[in-house]
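Student: from the sequence below, what's the structure:
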Amino acid sequence: MKKSKIGLITLIAVTIALIITLLKEFDVVQISDMVMMSARWIVAIVLVCFALSKKSLTTWILVCMLLGVFVGVDFPNFAAALHPLSKGFIKLVKTIVGPILFGTLVYGIAGHSDLKQVGRMAWKSMLYFFCATSCAIFIGLAVINITHAGVGVDVQHMPQEQLPAAKAADTELERLPANVHGVYKFTSFFYDLFPENIVKSMYENKVLQIVVFSVLFGIGLAMVEEKKRKPIVDFAEGLSEVMFKFTNLIMYFAPIGVGAAMAFTVGHLGVDILKNLFMLLGSLYIALIVFIMLVFVPIMLFLKIPVKKFIQAVKEPVSIAFATTSSDAALPKAMSNMEKFGVPRKIVSFVIPTGYSFNLDGTSLYLSLASIFVAQAAGMDLSIGQQLAIAFTLMITSKGVAAVPRASLIVLIATAEQFGLPVFIIAAILGIDELMDMARTSVNVIGNCLATVVIAKWEGEFDENATADDF
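Tutor: Model (predicted):
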């Protein structure tokens, strides 16, 4: 009864605060800043009481996200000073990524010695990734062509920020004739898959290189006789178990890290920036919602995946990804929750890390949408053929994008230069990139979690009974 009362009080407080905010924003009623600030912090106190009553990590993460917004609005300088906390949380999570991938992949492959299944999972995963990201790219094109968000935008008064440094020019590519540039770029992609030093790859958090090394190591270990294989397999199993427990410990710091990340974002960008580029932001969020409704939901219904339990399984990693704008920060928890959901560890440990390079649905959608937005803002009328050429280019260039904040901007800049689009407009929209990155990173995480269930169902190894567990 006490919990239900607290929940009701929380709902009433949030509703009243939301109504007051809307009345002020639309100039219906003149409300002083002091009253607005008081309303926010009354809601903050109520939310903290609600989180204390729930005793749920996910609730604390969501509450701290809102508290971060309040701190960013009312104390922007203090919010900026909290940035090291969010960076520290991401750094802490990244220490898990390399060991957890190595341990789970090696144990998943060598512990079962089913090399044929590894091959099956590889081609099935790649087929699913290609179909999902292609749908995302075309939905992005469709939405931006309907909303025309870039038409009539005053780019001179858009927030300006310095572009991230582009990748250094490849001197070997420059020496080759133009007709073989495509072949060189294709083979370079495969060259970048292989680590020259696995410790260096773990240090630089190159997920795909860690996956390739771990898969090859696991295959090699599976070919060794049982007597010599067992100690290393046991070590890999023990390592993965320890890293999952380590993840649980680190997640207790998640509310602080997530709250600090949100405070910093609002504090240094300000909420008014939403008004300047509302059409672009709106188009992206609409496109991502359409993608979820037209692609993810039908897949779940067709495969009879329990939607409610799936939402419960992904809400925590998604909330972490949303606030930190980093898929890596959500990776350990996503792997842990999908295993609880009923996906075997050997499938989770292969599909999610691989998807972090090949199945970035949100990023792919953003790239197609942003490319056409840049053209519209520059007054360029691209034909259907030109837009399709951009789409097919993005199908290739979006693969292998590192799952870190703002990595997609490098691909966007390269695509813009290739098709003669003005790069200075990308510099203008960079001011709200973090706000867009929150949404696309969240969809990336949802897409990779769903991919594990799809492959598990396809392999006939999804545990239907495990979905009864609470998260």
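
Student: alpha carbons of the helix or strand harbouring residue 374, in PDB - could you do that?
Tutor: Taking DSSP states H and E as the definition, residue 374 sits inside helix 361-377. Listed next in PDB are the C-alpha coordinates belonging to helix 361-377 (Å, rounded to 0.1, in the frame of the first residue of the first chain):
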ATOM      1  CA  ASP A 361      20.700   0.000 -37.100                       C
ATOM      2  CA  GLY A 362      20.300   3.400 -35.400                       C
ATOM      3  CA  THR A 363      23.600   4.700 -36.800                       C
ATOM      4  CA  SER A 364      22.800   3.500 -40.400                       C
ATOM      5  CA  LEU A 365      19.400   5.200 -40.300                       C
ATOM      6  CA  TYR A 366      20.900   8.400 -39.000                       C
ATOM      7  CA  LEU A 367      23.600   8.500 -41.700                       C
ATOM      8  CA  SER A 368      21.100   8.200 -44.500                       C
ATOM      9  CA  LEU A 369      18.800  10.800 -43.000                       C
ATOM     10  CA  ALA A 370      21.600  13.200 -42.200                       C
ATOM     11  CA  SER A 371      23.200  12.900 -45.600                       C
ATOM     12  CA  ILE A 372      20.000  14.000 -47.300                       C
ATOM     13  CA  PHE A 373      19.400  16.700 -44.700                       C
ATOM     14  CA  VAL A 374      22.800  18.200 -45.600                       C
ATOM     15  CA  ALA A 375      21.800  18.300 -49.200                       C
ATOM     16  CA  GLN A 376      18.400  19.900 -48.500                       C
ATOM     17  CA  ALA A 377      20.000  22.500 -46.300                       C
END
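
Student: could you pull out the buried residues of it?
Tutor: Neighbour counts over helix 361-377 (16 or more other C-beta atoms under 10 Å) mark 361-377 as buried. (Glycine included, C-beta is placed from N, CA and C.)

Student: try stretch 258-270
Tutor: 258-267, 269-270.

Student: report the angle between the helix ranked longest in the chain and helix 361-377.
Tutor: Using DSSP state H to define each element, the chain has its longest helix at helix 115-147. Put simply, helix 115-147 runs at 30 degrees to helix 361-377, going by axes from the mean of the first three to the mean of the last three C-alpha atoms, to 10 degrees.

Student: residues in contact with the next helix or strand after helix 115-147: which ones?
Tutor: Using DSSP H and E, the helix or strand that directly follows helix 115-147 along the chain is helix 171-175. Outside helix 171-175, the residues within contact range by C-beta atoms under 8 Å, 6 or more residues apart in numbering are 181, 184-185, 188.

Student: need the pLDDT of residue 421.
Tutor: What the model reports for residue 421 is a pLDDT of 80.

Student: what is the neighbour count of it?
Tutor: 23 (other C-beta atoms under 10 Å).

Student: thought it was touching residue 373?
Tutor: No: with contact defined as C-beta atoms under 8 Å, residue 421 does not count as touching residue 373 (9.8 Å).

Student: which helix or strand in this structure has the lowest average pLDDT?
Tutor: helix 273-276 (a mean of 50; mean pLDDT, DSSP states H and E).

Student: following element in sequence after that one, please.
Tutor: Note on helix 273-276: by DSSP H and E, the next helix or strand toward the C-terminus is helix 278-291.
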